[in-house]
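A.B. asks: predicted coordinates and the sequence they were generated for:
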Amino acid sequence: MRIGVAATPEVALPTLDWLISSEHEVIRIISQPDRAAGRGRILRRSPVSNWAVGHNVSLINPETPQELIGSIEDLDCVLTIGYGVLLPEALLKLPRHGFINLHFSLLPAYRGAAPVQRAIENGEKFTGVTVFELDKGMDTGPIYCSSQIDIDPKWRAQELFHELAVMAPAVVEYALNAISRGEVPIPQHGHSSRAPKISKEEAKIDWMQERDIILRKIRGFYPAPISWSTWKGESFRVTSAAAHSSVLPPGQLSVIDETVVVGCANGGSIALLSVIASGKKEMSAIDWAHGAQLEIGSHLG
């Protein structure tokens, strides 16, 4: 089939690598326009745009969905992967077989922008990937196929995204073959749930919460937006942490056997493993603590 792919993030790359070597033709890549990034606000391509340029595949970066008109009618199907743009229903009918979406949950669970992050935050034991036909709703279309994976309790969202991205090509292959055979996708059924985008304020750590809740948020919110607190009035981000057996008041810091420990609610505590202090690069928490010269009774938040 003649395939278009509308995608933006790095998590789409394993599927693109499979598609380019498959029997399908990757005719066109659609990705978000270049965005200013970094302190210098330099324009940068999305990971998918870079992939398209590197593989000499036709690339378009529309500012609005309407700019897709005239660019997708010659395609058999368009696959979307984290494209980040809500497409009008009229556009979905332009390719011969419409649009399909690769979603990183077992639909109808975790419809929305942050399914991987919310699954970890909520302590789910398993999740998966789903390929479904796009319709006018938010991740509500009928399903071609899905695949499940157990969530390692040590994984952060970054590690889980990687595992799901590796699983994705097989599910996409099945869906494209099903479309070629004329199979009809199955309507979603079961309990539905939402996975809204995570705000920066939501990612702020509340040390009055219990240890396991805080740990799940730290794992779920990495690499974006990253759980954070404050240290001496400035932002202090926590990129990895683990449970600890010490008992400290909520938010209080201590260095115990070369481990940075902070208290949580109900006598719980966590070990900070890696952090990003204001104006600094990511480093081990103990290296930060040595430089910060912690005093007795020091607190985060």
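C.D. replies: Cool, the structure landed. Numbers count the residues shown, from 1 in each chain.

A.B. asks: show me the shaky parts of this structure.
C.D. replies: Scanning the chain for pLDDT under 70 picks out 38-40.

A.B. asks: can you give me the domain assignment for it?
C.D. replies: The record's domain parsing of the chain by automatic domain parsing lists 2-180, 211-292.

A.B. asks: tabulate these (JSON lines), appending distance to Ile186 and mean neighbour count.
C.D. replies: Where you see a C-beta, it was placed from the backbone N, CA and C, and this is true even at glycine. Listed next are these as JSON lines, based on distance: least, CB to CB, whole Å; neighbours: other CB atoms under 10 Å:
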{"stretch": "domain 2-180", "distance to Ile186": "5", "mean neighbour count": "18"}
{"stretch": "domain 211-292", "distance to Ile186": "29", "mean neighbour count": "18"}
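
A.B. asks: tabulate these (a markdown table), appending distance to Gln188.
C.D. replies: Output for the domains of the chain, formatted as a markdown table (distance: least, CB to CB, whole Å):
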| stretch | distance to Gln188 |
| --- | --- |
| domain 2-180 | 4 |
| domain 211-292 | 24 |
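
A.B. asks: what about the closest residue to Lys200 other than its chain neighbours, which SS state?
C.D. replies: Leaving aside its sequence neighbours, Lys200 sits nearest to Pro225 (CB to CB, 6 or more residues apart in numbering; 5.3 Å). Assigned with DSSP: H, G, I helix; E, B strand; the rest coil, Pro225 falls in the coil class.

A.B. asks: cool, Ala175 as well?
C.D. replies: Three-state assignment for Ala175 (three-state DSSP): helix.

A.B. asks: got it, and Val238?
C.D. replies: State at Val238, reduced to three classes by three-state DSSP: strand.

A.B. asks: ok, now which ones touch it?
C.D. replies: Counting by CB atoms under 8 Å, 6 or more residues apart in numbering, Val238 makes contact with 205, 218, 226-229, 272, 274-275.

A.B. asks: one more time with 10 Å, if that's ok
C.D. replies: Taking CB atoms under 10 Å, 6 or more residues apart in numbering as the criterion, Val238 is in contact with 203, 205, 214-215, 217-218, 221-222, 226-229, 262, 270, 272-276, 285, 300.

A.B. asks: give me the beta-bridge partners of it?
C.D. replies: Val275 (DSSP bridges).

A.B. asks: right, and Ala195 touches Arg118 too?
C.D. replies: Yes - in this structure, Ala195 is within contact of Arg118 by CB atoms under 10 Å, at 4.1 Å.

A.B. asks: shared neighbours, the two?
C.D. replies: Counting by CB under 10 Å, 6+ apart, the contacts common to Ala195 and Arg118 are 105, 109-110, 112.

A.B. asks: just these: which are in strands?
C.D. replies: Of the shared contacts of Ala195 and Arg118, none are assigned to strands by DSSP state E.

A.B. asks: ok, and what's touching whichever strand or helix holds Ser229?
C.D. replies: Per DSSP states H and E, Ser229 falls inside strand 228-231. Outside strand 228-231, the residues within contact range by CB under 10 Å, 6+ apart are 200-201, 203-207, 214, 218, 221, 235-239, 251, 253, 262, 275-278, 288, 292, 294, 298-301.

A.B. asks: repeat that for 8 Å
C.D. replies: The contact list for strand 228-231 (CB under 8 Å, 6+ apart) reads 200, 203-205, 207, 235-238, 251, 277-278, 292, 300-301.

A.B. asks: check the secondary structure at Glu67 for me.
C.D. replies: Glu67 is classified as helix under three-state DSSP.

A.B. asks: how much space separates it from Met138?
C.D. replies: As for Glu67, its distance to Met138 is 22 Å (criterion: CB to CB, to the nearest Å).

A.B. asks: just Ser199 next, same as before
C.D. replies: According to CB to CB, Ser199 stands 18 Å off from Met138.

A.B. asks: now do the strands in the stretch 151-300 of the chain.
C.D. replies: 228-231, 234-244, 253-256, 259-263, 269-277, 283-284 (DSSP state E, counting those that start in this stretch).
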